[in-house]
Every structure is written in C-alpha cells, then in structure tokens.
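Chemist: Dropping the sequence and predicted coords here.
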Amino acid sequence: MTIQWFPGHMHLTRKAITERVKDIDVVIEMLDARLPGSSANPLLAELTGHKPTLKVVNKQDMADPVRTALWLAHYNAQEKTRAIALDASVSAPARAIIAACFELAPNRGGMVKPMRVLICGIPNVGKSTLINTLAGKRAAKTGDEAGVTRNEQRIALADDFYLFDTPGMLWPRIVVPESGFNLAASGAVGRNAYDDQEVALELLAKLKVHYGELLEVRYKLGLSQQAIADLPEEELMEAIARKRGALASGGAVNWQKVAELVIADFRGTHIGRVTLETPEMFGRWLAAGLKADAARSERKQARGDKPPKRRNR
C-alpha cells in the first residue's frame, strides 16, 4: 500500500509559503520527535529559498531520548540550521525558540528591523499548541486531527518579533514508503488515506525489533524480548488481540479493532517513549525511495507518458 494525502487547501498553503518567504528572516520547521525524518517536508528548502532554519523537534516527551539526541546532532551539523527539542506545552523551553531565531538572524531585532519568522510543519505536529504557548493565549486553533489550521495567521510575540503561521502541509507525493506508514501511525494524514490494519502491522514490525520490552510490559504477552522480535507481525498482532479481548464472535480475531488499539496506544504513548527512525535508518529509506522514484520516472518517460485514449461510446 502507498500512502498519499494532499488535500486541496495544501496547494494554497504551498503558494502562501512561496509568497510569504520573500519577507522572512528565519523559518521554523516543527518535526515530530517520534519520526523526525518522516515529518520533515522535503519541499521546504525549495519553497523557502534556503533561509536560516530552526528545527523544532516537538513531542520529545513522547519520544526515545537517545534517538532524539541523535536527531539533534544530525540537524545541528547542517549549515544555517539549529535544532532544539521540546514539548510544545511547556513554556520555558518554548521561549528558547525566540533566542534561537535571533542567533540565526543576529542582524534582526528592534522596531526598525523586527524579526519575521515563518513557522511550518506537517498536520497534527503540535504547531498551534506551541504558538499558543509562545503567545500566552489562544492565538491558534488546536486539535488532535490533521488539518485543523486552514488560514495563515500573524502573531506578535514581542514588539519586534512577528510569527507567521501557515496550515500544516504535506508534500504532493511521498517517495519513502516507510515515511507514509510512520506519518499515518502518528495521525499526520487523514483516515481515508490509509488502512488501519496495514499501518498497525508496519508499526509492530518496527516496535518488535527495537522496543520489544515495552510491548511486553504493555500487553503482557509472556514472551522474551528476542521472542517478540522473532515473531511475525501477524502473529504478534493476534497475540495482542487475544490478550486485550479484541475478538469477534466465536473467538476469531477482530483485526480492525486490534489495529485501532495498537495505533491508539502508540499515539497515546501507552506503549512508552518510542521513536520509529534514526538518521541512519531514514537515510537508507530515503536513498532507496529516491532510487525507486527515479526508476519510475524512467519507465514513465519510456512509455512516452501519453494519456489513455478515450473510448467511443
């Protein structure tokens, strides 16, 4: 299954970013700490003209702290880029964003040259919650649902600091299959774009290898960490279903119910603090995805990319 989701309003967001960035000093990109690579928009550098960028690795309280440290080092090693991790609802770390922006654009500040910052991120990454924390009031709509913010907003965080908010935006085509599943598991894409059972199986495939102990603690399967890692995903999901009573009449597994349960447990941090990817893992996925995408383009060109002929009726 290939997961894709790019509603019509996201085309407007892309256009708005292109127009707004002409007057912007720093771009903030919010990332989900549980999937930093998958939640980074590959179009953002193109749209923002390589402006100084602050990567805000949000929801760190839900993520594996060891892997969060790897991602911070990865982004801080990049040119004109800084990265900080936080939980958007905590006010003190959130204020560090303002200081980081002035470090990236030290010549801005004061009434004559106010700091102008554009904040971007995928749907449901916590952007609106962060804005409200920074502003100290309900400046932006929030909701545990992809695509809550629909219009650009300007928020004055100080007399010389303006924050421009845009709706959450994905990119037209996700070329890394693993990213599609991770985004779906996190709730960044709409429910009509994926199959719960396939997403749950892919999620368990990652969790059983790296977080088998947490799965045992959560679901009390009576298995060792190695036994969980060796178990096929379908059998692991069946074991979870039987332990949690996700069964249909006659004792058959209710696959939809257990899939929803696993996804909800991940989103609610009931399994524990987990991160689905490291910089090294995502680098391999991206290289494979770009290679497959290039091969797809070559096949398309070889066919001449001609539209199908219309049938006579």
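Modeler: Okay, I see it. Numbers count the residues shown, from 1 in each chain.

Chemist: Give me the phi and psi for Lys113.
Modeler: Dihedral pair for Lys113: phi -130, psi 70, per degrees, to the nearest 10.

Chemist: gap between it and Pro106?
Modeler: 11 Å (C-beta to C-beta, to the nearest Å). All C-beta atoms are positioned from the backbone trio N, CA, C, and that covers glycine.

Chemist: who has more neighbours, those two?
Modeler: Using other C-beta atoms under 10 Å, the more surrounded residue of Lys113 and Pro106 is Lys113, with 12 against 9.

Chemist: Run through the residues that contact that one.
Modeler: Asn107, Asp160 (C-beta atoms under 8 Å, 6 or more residues apart in numbering).

Chemist: and if you look at Val117?
Modeler: Ile24, Asp25, Val26, Val27, Ile28, Cys101, Phe161, Tyr162, Leu163, Phe164.

Chemist: so which of those residues is the most crowded?
Modeler: Val27 leads the contacts of Val117 on contacts (other C-beta under 10 Å) with 28 neighbours.

Chemist: I'd like the secondary structure assignment at that residue, please.
Modeler: strand (DSSP: H, G, I helix; E, B strand; the rest coil).

Chemist: Pretty sure it sits against Asn41.
Modeler: No: taking contacts as C-beta atoms under 8 Å, Val27 lies outside contact range of Asn41: 10.5 Å.

Chemist: between these two, what contacts are shared?
Modeler: Taking C-beta under 8 Å, 6+ apart as the contact rule, Val27 and Asn41 both touch Cys120.

Chemist: all strands for the chain, in order.
Modeler: Per DSSP state E, the chain has strands spanning 26-32, 53-58, 81-86, 115-121, 153-158, 161-165. These are given in chain order.

Chemist: between the contacts of Val117, which is nearest Leu86?
Modeler: For those, the residue nearest Leu86 by C-beta to C-beta is Ile28; the value is 11.7 Å.

Chemist: Skipping adjacent residues, who's closest to that closest one in space?
Modeler: Leaving aside its sequence neighbours, Ile28 sits nearest to Ile119 (C-beta to C-beta, 6 or more residues apart in numbering; 4.3 Å).

Chemist: Identify the residues contacting that neighbour.
Modeler: Counted by C-beta under 8 Å, 6+ apart, Ile119 has contacts Val27, Ile28, Met30, Lys127, Leu130, Ile131, Leu163, Phe164, Asp165, Thr166.

Chemist: burial measure for the nearest residue to the fifth one once chain neighbours are set aside, as a count.
Modeler: This means Leu130. Nearest residue to Leu130, sequence neighbours excluded (C-beta to C-beta, 6+ apart): Ala88, at 3.8 Å. Counted with other C-beta under 10 Å, residues neighbouring Ala88 total 25.

Chemist: do you know how far Ala88 is from Glu178?
Modeler: For Ala88 relative to Glu178 (C-beta to C-beta), the value is 25 Å.

Chemist: ranges for the helices of the stretch 1-150 of the chain?
Modeler: Applying DSSP state H, counting those that start in this stretch to the stretch 1-150 of the chain gives helices spanning 8-20, 44-48, 65-76, 91-104, 127-135.

Chemist: Same list, the ones you listed, but as TSV with mean pLDDT and distance to Leu35 please.
Modeler: Formatted as TSV, those follow (pLDDT from 0 to 100; distance: least, C-beta to C-beta, whole Å):
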stretch	mean pLDDT	distance to Leu35
helix 8-20	68	19
helix 44-48	80	16
helix 65-76	98	10
helix 91-104	86	20
helix 127-135	84	15
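
Chemist: and of those, who's closest to Thr278?
Modeler: Once the helices of the stretch 1-150 of the chain are compared by C-beta to C-beta, helix 65-76 is nearest, at 5.6 Å.

Chemist: one step back: okay, the contacts of Val117 in a markdown table with distance to Pro123 next?
Modeler: Formatted as a markdown table, the contacts of Val117 follow (distance: C-beta to C-beta, whole Å):
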| residue | distance to Pro123 |
| --- | --- |
| Ile24 | 21 |
| Asp25 | 25 |
| Val26 | 22 |
| Val27 | 18 |
| Ile28 | 16 |
| Cys101 | 23 |
| Phe161 | 25 |
| Tyr162 | 23 |
| Leu163 | 18 |
| Phe164 | 18 |
